[in-house]
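Asker: the following block contains a protein sequence and its predicted model.
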Amino acid sequence: MSKAQDSSSCIIGEGSIFEGKYYVEGSIRIDGKFHGDIRTGDQLTVSATGKVKTDIQARRVTIAGTLIGNIKATEEVNIIQNGKVLGDIITPKLNVEPGVIISGKLTITSSSNDNIKNIITDSFGEETEDFFKNTAKSKNNSKED
């Protein structure tokens, strides 16, 4: 891990297990196991030994270990080395290194907080409404199968 990641405010050490809610303003590094709810206004790092089952809300997220859950980052997500993510990712910027595994839905946002559907419709035109309607119908039909 880089020097910036080594200066974490909070660390769940390798061999440790934490279950529950963990909210901090500073950065968090998880080297052990975490299951619960986690939020930070800064950087969250799951190291190569980290195993996390939660939805993450943070400014920046780096995954080198295993995450089962969704990521919502306001700035950037980095999946590095042999990182594994089973869940959806919403972020304005995503960096992925070779060797990672990701399964889930990806939404790349702009730096604005505008609704993505509205941004696409404004850019392409009103015909996009038909696409969104057809996509919703397809999802409903596949759920019935």
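Answerer: Nice, I can see it.
Asker: only C-alpha atoms for contact and neighbour calcs from this point on.
Answerer: Noted.
Asker: distance between the ends of stretch 18-38?
Answerer: 11 Å (C-alpha to C-alpha, to the nearest Å).
Asker: I meant stretch 41-59, not that one.
Answerer: 6 Å.
Asker: now it, how far from the centre of its chain.
Answerer: With C-alpha atoms, centre = their mean, to the nearest Å as the basis, stretch 41-59 stands 8 Å off its chain's centre.
Asker: again with stretch 39-53
Answerer: With C-alpha atoms, centre = their mean, you get 10 Å for stretch 39-53.
Asker: tally up the residues packed near the residue nearest to residue 96 when sequence neighbours are not counted, please.
Answerer: Spatial nearest neighbour of residue 96, chain neighbours left out: residue 79 (4.9 Å); criterion: C-alpha to C-alpha, 6 or more residues apart in numbering. For residue 79, the neighbour count with other C-alpha atoms under 10 Å is 24.
Asker: try residue 57
Answerer: Residue 57 has 22 nearby residues by other C-alpha under 10 Å.
Asker: so it is in contact with residue 76, correct?
Answerer: No - contact criterion C-alpha atoms under 8 Å: residue 57 and residue 76 do not qualify, at 11.3 Å.
Asker: picking that back up, so the residue nearest to residue 96 versus residue 129, what's the distance?
Answerer: From residue 79 to residue 129 the distance is 33 Å (C-alpha to C-alpha).
Asker: what's the average pLDDT for the strand or helix carrying residue 62?
Answerer: Taking DSSP states H and E as the criterion, residue 62 maps to strand 56-63. Strand 56-63 shows a mean pLDDT of 96.
Asker: not counting it itself, show me its contacts.
Answerer: For strand 56-63, the external contacting residues (C-alpha atoms under 8 Å, 6 or more residues apart in numbering) are 37-48, 69-80, 83-85.
Asker: again with stretch 11-21
Answerer: 28-38, 49-50.
Asker: much appreciated, bye for now.
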